[in-house]
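Trainee: the sequence isn't on hand, but the structure is:
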């Protein structure tokens, strides 16, 4: 997606100098009917200004950038397809690159002559900085529309067309031509898609900073790409990779029908709401089985240290039934052989957490499962669960733990360690703590010293919450990267961390996921700009 990222930030920059009018343009009318992914913001200035108001941003920034000049500027990105290419690294390995075919549509609300000048100067500078001075430029006017086409020595192309106050930028000339045809009324626009219209109308709110939509066909294409990427990152075994690359796209395509995203500013930060609409039969099952439990006790909180990378609480009325429903609905989407293989492999799905038999494990615990990660890579991970059947639990844990041996004692805790001492299981106060040894010691110390999650401001949010899952995590990187893009750092050595909170629920429409953070998904996109400066 690097073309999209780079051009969006460039577009933000050139619009800083635009003259503006207050009249809004419905950018949906300019998006082709075959658009797979659509993103828009109707007030670029407010959106960017919201990011700079976060405390973590202000702590690092030398000054707060004033984006009032961008007030009411509108920007939309349309993606109509994806291309893949493979770059061979060695004889044994290669990197897959995914390139979206996109157009960025912006209304500068300025004179056309201003828009032309800005495109020629700023886009031209960008292309030279990216591809070198040896760039071929074709420019002119056709049918009253100004155009600029840049071609690099490696045949990379950037296209820009200007008509009135509208600017179209992209990496595929046919998409821009289609947008212009839509503008002339010669081709259908995105409003022909009734699902898109319904999703937009339901989500439309003057408080929205941004709106996004992925169609059924868009999900299908993204799922195919994701299947390959996940397969490569999951295992080095060809058989495993092949299985994942085969079943993941099928599961996603047959389960998810559309994705709708909105971002709003709240007192606690930016709230991203993602609604994944699923097949009605599947959502009906999930609504009845993936139900959050009303469990305010949160006994595991006593064993959660104050310092961690991320914390997730799965709070389900019946974890075993929830697990079975996920497997059942997934298997029904696959052919008989793939469904059988998925069922056979499911027992080992929790192996990364030290669980050898997922079904037995989930039948032997209470409503609550807590997963704590102390590092970015996930090597220092701990699982905490309430004990319902201790003998079943012992049978479900990895064979690295020999429960027939005598446990170590630490207060009321019984501790078993693997032969290499890297993996540990602890039974204490009707609680199982399972995971990496040093991380488990941190959990025991948190309880012993009384310095734990109960003192956290997030504790009440966890206990007064009946969502199926709730997470909180620390972010130490995003603020400094966004400051690099939208401002200037005070001190290169100064750091600033923030926390994000995510809740997931399952309803009659599918999956609803809400995340509150300092910068939101908008910030995650802008964060990428810093890497490519």
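Mentor: Received, thanks. Predicted model only: the values in this text are computed from it and were never measured. Numbers count the residues shown, from 1 in each chain.
Trainee: for stretch 474-492, buried residues please.
Mentor: Buried residues in stretch 474-492, defined by neighbour count with 16 or more other C-beta atoms under 10 Å: 475, 478, 479, 480, 481, 482, 483, 484, 485, 486, 487. (Glycine included, C-beta is placed from N, CA and C.)
Trainee: likewise for stretch 36-51?
Mentor: If you call a residue buried by 16+ other C-beta under 10 Å, then stretch 36-51 has these buried ones: 36-51.
Trainee: look at residue 259 and say how many residues are nearby.
Mentor: 21 (other C-beta atoms under 10 Å).
Trainee: so it is in which element?
Mentor: For residue 259, the host element (DSSP states H and E) is strand 256-266.
Trainee: the next helix or strand after that strand pairs with which strands, parallel or anti?
Mentor: Using DSSP H and E, the helix or strand that follows strand 256-266 in sequence is strand 269-278. If you go by DSSP bridges, strand 269-278 pairs up with strand 256-266 (antiparallel), strand 510-517 (antiparallel).
Trainee: among these, which is nearest residue 318?
Mentor: Ranking these by their distance to residue 318 (criterion: C-beta to C-beta) puts strand 510-517 first, at 18.7 Å.
Trainee: in the sheet, who's paired with the closest residue to residue 41 other than its chain neighbours?
Mentor: The shortest distance from residue 41 to any non-neighbouring residue, by C-beta to C-beta, 6 or more residues apart in numbering, is to residue 210 (4.6 Å). On the basis of DSSP bridges, residue 210 is bridged to residue 263.
Trainee: close enough to count as contact, residue 210 and residue 40?
Mentor: Yes - with contact defined as C-beta atoms under 8 Å, residue 210 counts as touching residue 40 (6.9 Å).
Trainee: about what we covered before: dump the strands paired with strand 269-278 to TSV, plus mean pLDDT and distance to residue 127.
Mentor: Putting the strands paired with strand 269-278 into TSV (pLDDT from 0 to 100; distance: least, C-beta to C-beta, whole Å) gives the following:
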stretch	mean pLDDT	distance to residue 127
strand 256-266	95	30
strand 510-517	95	34
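Trainee: these: which one's closest to residue 377?
Mentor: Ranking those by proximity to residue 377 (C-beta to C-beta) places strand 510-517 first, at 21.2 Å.
Trainee: what's the closest one in contact with?
Mentor: For strand 510-517, contacts defined as C-beta atoms under 8 Å, 6 or more residues apart in numbering pick out 256-257, 266, 268-278, 282-283, 286, 475, 498-506, 521, 523.
Trainee: let's see it at 6 Å
Mentor: Residues outside strand 510-517 that contact it (C-beta atoms under 6 Å, 6 or more residues apart in numbering): 268-269, 271-278, 283, 500-505.
Trainee: any of those residues buried? List them.
Mentor: For these, a burial check counting by 16+ other C-beta under 10 Å picks out 269, 271-278, 283, 500-505.
Trainee: give me the below-cutoff pLDDT ranges for the protein.
Mentor: Residue ranges of the chain with pLDDT under 70: 1-22, 69, 85-97, 227-245, 528-533.
Trainee: break it down into its domains, please.
Mentor: The record's domain parsing of the chain by automatic domain parsing lists 2-193, 291-467.
Trainee: any chance of these in a markdown table, plus distance to residue 262?
Mentor: Shown next, in a markdown table, are those (distance: least, C-beta to C-beta, whole Å):
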| stretch | distance to residue 262 |
| --- | --- |
| domain 2-193 | 11 |
| domain 291-467 | 18 |
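Trainee: how much space between residue 468 and residue 316?
Mentor: Distance of residue 468 to residue 316, computed by C-beta to C-beta, to the nearest Å: 6 Å.
Trainee: and for residue 449?
Mentor: 30 Å.
Trainee: okay, these two: which has more neighbours?
Mentor: Neighbours per residue (other C-beta under 10 Å) separate residue 449 from residue 316, with residue 316 holding more: 22 against 9.
Trainee: enumerate every residue touching the more buried one.
Mentor: Counted by C-beta under 6 Å, 6+ apart, residue 316 has contacts 293, 322, 367.
Trainee: can you name the next helix or strand after the helix or strand hosting the last one?
Mentor: Read that as residue 367. Applying DSSP H and E as the criterion places residue 367 in strand 365-373. The helix or strand immediately downstream of strand 365-373 is strand 381-387, counting by DSSP H and E.
Trainee: closest to residue 32 out of the contacts of residue 316?
Mentor: Distance to residue 32 across those (C-beta to C-beta) is lowest for residue 322, with 40.6 Å.
Trainee: ok, that closest one to residue 509 distance?
Mentor: Look at residue 322 and residue 509: by C-beta to C-beta, they are 18 Å apart.
Trainee: these two: who's more crowded?
Mentor: residue 322 (19 against 14).
Trainee: run the chain-centre distance for the helix or strand that contains the more buried one.
Mentor: In this assignment (DSSP H and E), residue 322 forms part of helix 319-331. Centre-to-centre, helix 319-331 and its host chain are 24 Å apart (C-alpha atoms, centre = their mean, to the nearest Å).
Trainee: with stretch 218-227 instead?
Mentor: Distance of stretch 218-227 from its chain centroid, counting by C-alpha atoms, centre = their mean, is 15 Å.
Trainee: cool, thanks, talk later.
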